[in-house]
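Enquirer: Sequence unavailable; structure follows:
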């Protein structure tokens, strides 16, 4: 067992009870690219070359960790998102591909000189990607987790962008001072506690629950708080972008409408699920309703 071909077969055998064949192939490709710095072409052309023993031992160790349920992103300590590399630790959620779609949508509206707030910034992947996309924008990320804030700051340095990350609680905004913004974007916790039974163990056992779950009795908790915050902290005609739970597209639209937000648009992700919402600040902000 000393070639890419052999190691891939080993991984398929060891992980078949936890991952699909396609997932295992993708994981192996990530390891070869991240650790050996191979391209996809290298992986194909060099699949029968003898590998260094240290890499073989590392690969076997990675497979063992995967078998125990650890996500590959946490094992390697980094992940890709929107064409960038991000340090990945259990202090923040692993960036998801569908969130890249939200970044692209926000990027269509973000202009140099705009002030953007990323609420619940986690690893910083949304704000940092947008700061790279529009280098004249002023990006601030906020999160309730000190560990996530530190991680986001490290990722900003890693990707060579100027972005500010601050410890803030959007559910209690009165406890801190805030700027006003042209755009607010958020991928807040939106999975109901009752949905835990449908989730994979590697997510439940390793990713931070604080960033995942909301109470069943108040699933729009964060959307309501951010919508109300936007009434006083968005500039006139400012925009609010959300990633949402697919089960609450219409409910999110109704909530934003109650607060007077205009030009509300709901979009599906590449899986066909209602996943993103854009809205514009009300012309007047006197009509708040819980």
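Expert: Sure thing, it's come through. What you are looking at is a predicted structure, and each value in this text was computed from that prediction instead of being measured. Numbering: from 1, shown residues only.
Enquirer: Enumerate the positions of stretch 53-67 that are buried.
Expert: Within stretch 53-67, the residues scored as buried using 16 or more other C-beta atoms under 10 Å are 55, 56, 59, 62, 63, 66. In short, each C-beta sits where N, CA and C put it, glycine included.
Enquirer: does the last one sit in a helix, a strand or a coil?
Expert: By that I understand residue 66. The three-state label given to residue 66 by DSSP: H, G, I helix; E, B strand; the rest coil is helix.
Enquirer: who's in contact with it?
Expert: Counting by C-beta atoms under 8 Å, 6 or more residues apart in numbering, residue 66 makes contact with 15, 18, 19, 27, 72, 75.
Enquirer: can you list those in JSON lines and add secondary structure?
Expert: As requested, these are exported to JSON lines (three-state DSSP):
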{"residue": "15", "secondary structure": "helix"}
{"residue": "18", "secondary structure": "coil"}
{"residue": "19", "secondary structure": "coil"}
{"residue": "27", "secondary structure": "helix"}
{"residue": "72", "secondary structure": "helix"}
{"residue": "75", "secondary structure": "helix"}
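Enquirer: Sort those residues by pLDDT and name the bottom one.
Expert: Among those, residue 18 carries the lowest pLDDT, at 89.
Enquirer: Would you state the strands of the protein in chain order?
Expert: Secondary structure of the chain (DSSP state E): strands at 78-81, 84-87, 115-119, 138-143, 163-167, 181-186, 191-192, 213-214, 234-243, 262-268, 274-280.
Enquirer: could the ones you listed be laid out in TSV, adding mean neighbour count?
Expert: Output for the strands of the chain, formatted as TSV (neighbours: other C-beta atoms under 10 Å):
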stretch	mean neighbour count
strand 78-81	20
strand 84-87	18
strand 115-119	26
strand 138-143	25
strand 163-167	19
strand 181-186	24
strand 191-192	18
strand 213-214	19
strand 234-243	20
strand 262-268	14
strand 274-280	22
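Enquirer: Can you lay out those strands as CSV showing distance to residue 36?
Expert: Formatted as CSV, the strands of the chain follow (distance: least, C-beta to C-beta, whole Å):
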stretch, distance to residue 36
strand 78-81, 15
strand 84-87, 16
strand 115-119, 34
strand 138-143, 33
strand 163-167, 31
strand 181-186, 36
strand 191-192, 35
strand 213-214, 37
strand 234-243, 34
strand 262-268, 37
strand 274-280, 34
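Enquirer: how about those in TSV, adding distance to residue 198 and mean pLDDT?
Expert: Listed next are these as TSV, based on distance: least, C-beta to C-beta, whole Å; pLDDT from 0 to 100:
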stretch	distance to residue 198	mean pLDDT
strand 78-81	23	94
strand 84-87	27	97
strand 115-119	26	99
strand 138-143	26	98
strand 163-167	32	98
strand 181-186	23	98
strand 191-192	9	88
strand 213-214	13	90
strand 234-243	18	98
strand 262-268	20	97
strand 274-280	17	98
